[in-house]
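In: Predicted model, plus sequence, below.
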Amino acid sequence: MSVELPQRTERFFLLTLAGIQFGHVLDFMIMMPLGPILMATLGIGTHEFGLLVASYSFSAAASGLLAATFVDRFERKRLLLACLLLFALATLACGLAPNYSALLVARGLAGVFGGILGALIHTMIGDAIPFARRARASGVVSSAFSLSTIAGVPLSLWLANHFGWRSPFLLIAGLSLLFIAAGLRWLPDLRAHLAGERPAHPLAASFAVLGEANHRRALLFSALIIFSGFTVIPYITVFAVNNVGIAQVDIPWVYLIGGAATFVSARLIGRWADRAGKIEVYRRLALLASVPLLVLTHAGQWPLAGWLVVTTAFFVLISGRMIPAMAVIASAAQPRLRGTFMSLNGTVQSLAMALATTLAGFLISTGGDGRIVGYPAVGYVALTANLLAIWFVGRVVMHGARPPA
């Protein structure tokens, strides 16, 4: 159930979605490299900082459950822009927060609307882009992750170093308003899903999604791939500074170079997945990602150049596998339930992020010399989840895919 957009409209449609994705991805990502600055400025420890990171994910999970009760009852464009406006206000509240408690609440509110945005973006891709080009479209939107690491994170760190930790949040809030204007111009109305009979009970669509075995398999697959990444990702910066010997001032290079590489690779991977098969490409990328994952979590004292090689490979492959994976997941949904399914998928992914970060926090500790202890064990947990996902993806059936010959 996809609409047919003119080529020029489709291009700006995807670029607008990528811009919105850039804003809410940057809002989530910036918390991790801001960690040392926030801890010093607010006088908080690692536990309190961990709550700041987890509050976003837990709120996004809760909002995904709530959104699943109503997301398929509204026209997609208007719902997306309304959530984007509320997200901008919540992010503005982060930048204006007077203390830790206020910032914690504001981060939770940002997670509420950020979680809904992520689900709606991929829902709209599934609604508007034919299956044959869906992975390529996901690659365009996924390039927002690359841009956030190339430009967003280094710029935000520069602003934080020169103007204080509040400035990155103010920047994101301002960008969100610009993306609302772009959305009003370039996003088409998507209301084909409203043609069917509406369920009487608000949870009926959620029960319908969870009642289908293929939906449950796709959601479990989604949880595995997110879990395998977010056991490792939140602690890369701390490990790099405390164990590998990378200077804090050199951390932006990790994001700049890694993001530049993924910006190029994202579109190439999208085209490759549409041509060679989404499941096959996912499996190859995920298997290759196991190598930098293990190397990164077992690294000792390294020069900056060596560390950049490993982290760049990690970013390219870990984010690259998400391109065919999201095409598989979005295509697993029954078209009439895609919005509800993707909202539940956002909940599952947010829970996987929060649980992965929490579990890794239990496995990791700080030694008396300030070094991080237990990161190799985190790497083995991530590897296990990654291998399970490689095996499990073959059990997900995609609607719109051609049957095997």
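Out: Okay, I see it. Numbering: from 1, shown residues only.
In: list the contacts for residue 250?
Out: residue 304 (Cβ atoms under 8 Å, 6 or more residues apart in numbering). C-beta here means a position set from N, CA and C on the backbone, and glycine is covered the same way.
In: let's go with 10 Å and repeat that
Out: Listed by Cβ atoms under 10 Å, 6 or more residues apart in numbering, the contact set of residue 250 reads 240, 241, 304, 307, 308.
In: For burial, what's the neighbour tally of the residue nearest to residue 358 when sequence neighbours are not counted?
Out: Of all residues not flanking residue 358 in the chain, residue 54 sits nearest, at 6.5 Å (Cβ to Cβ, 6 or more residues apart in numbering). By other Cβ atoms under 10 Å, 21 other residues sit near residue 54.
In: didn't residue 54 look like it was pressed against residue 107?
Out: Yes: the pair residue 54 and residue 107 passes the contact test of Cβ atoms under 10 Å, sitting 9.3 Å apart.
In: on that earlier part again, most surrounded residue in the contacts of residue 250?
Out: Going by other Cβ under 10 Å, residue 240 tops those with 23 neighbours.
In: where's the closest residue to it other than its chain neighbours relative to residue 301, distance?
Out: Counting by Cβ to Cβ, 6+ apart, residue 246 is the residue found nearest to residue 240 once chain neighbours are left out, at 4.2 Å. Remark: distance between residue 246 and residue 301 (Cβ to Cβ, to the nearest Å) = 10 Å.
In: Which residues belonging to the strand or helix carrying residue 252 are considered buried?
Out: Take DSSP states H and E as the rule and residue 252 turns out to sit in helix 251-276. By 16 or more other Cβ atoms under 10 Å, the buried positions in helix 251-276 come out as 251-263, 265-267, 269-270, 272-274.
In: How far does that helix sit from its chain's centre?
Out: Taking Cα atoms, centre = their mean, to the nearest Å, one finds helix 251-276 lying 15 Å from the centre of the chain it belongs to.
In: Low-confidence bits of the stretch 251-400 of the chain, can you list those?
Out: 339, 399-400 (pLDDT under 70).
In: re the thing from before, return the list of helices and strands in contact with the helix holding residue 252.
Out: With contacts taken as 3 or more Cβ pairs under 10 Å, 6 or more residues apart in numbering; DSSP states H and E, helix 251-276 sits against helix 134-147, helix 153-163, helix 236-239, helix 278-297, helix 304-320, helix 322-332.
In: of all these, which lies closest to residue 176?
Out: Residue 176 lies closest, by Cβ to Cβ, to one member of those: helix 134-147, at 13.0 Å.
In: can you list contacts of stretch 293-304?
Out: Residues outside stretch 293-304 that contact it (Cβ under 10 Å, 6+ apart): 228-229, 231-232, 235-236, 239-240, 243-247, 250, 253-254, 286, 306-311, 313-314, 317-318, 374-383, 386.
In: dump the residue contacts of residue 118.
Out: Residue 118 touches 20-21, 24-25, 28, 60, 64, 342-343, 345-346, 349-350, counting by Cβ under 10 Å, 6+ apart.
In: sorry, back to before: okay, and the residue nearest to residue 240 sits in which element?
Out: Following DSSP H and E, there is no helix or strand that holds residue 246.
In: now swap in residue 62 and tell me
Out: helix 46-67.
In: Identify each buried residue in that helix, please.
Out: In helix 46-67, counting by 16+ other Cβ under 10 Å, buried: 49-50, 52-65, 67.
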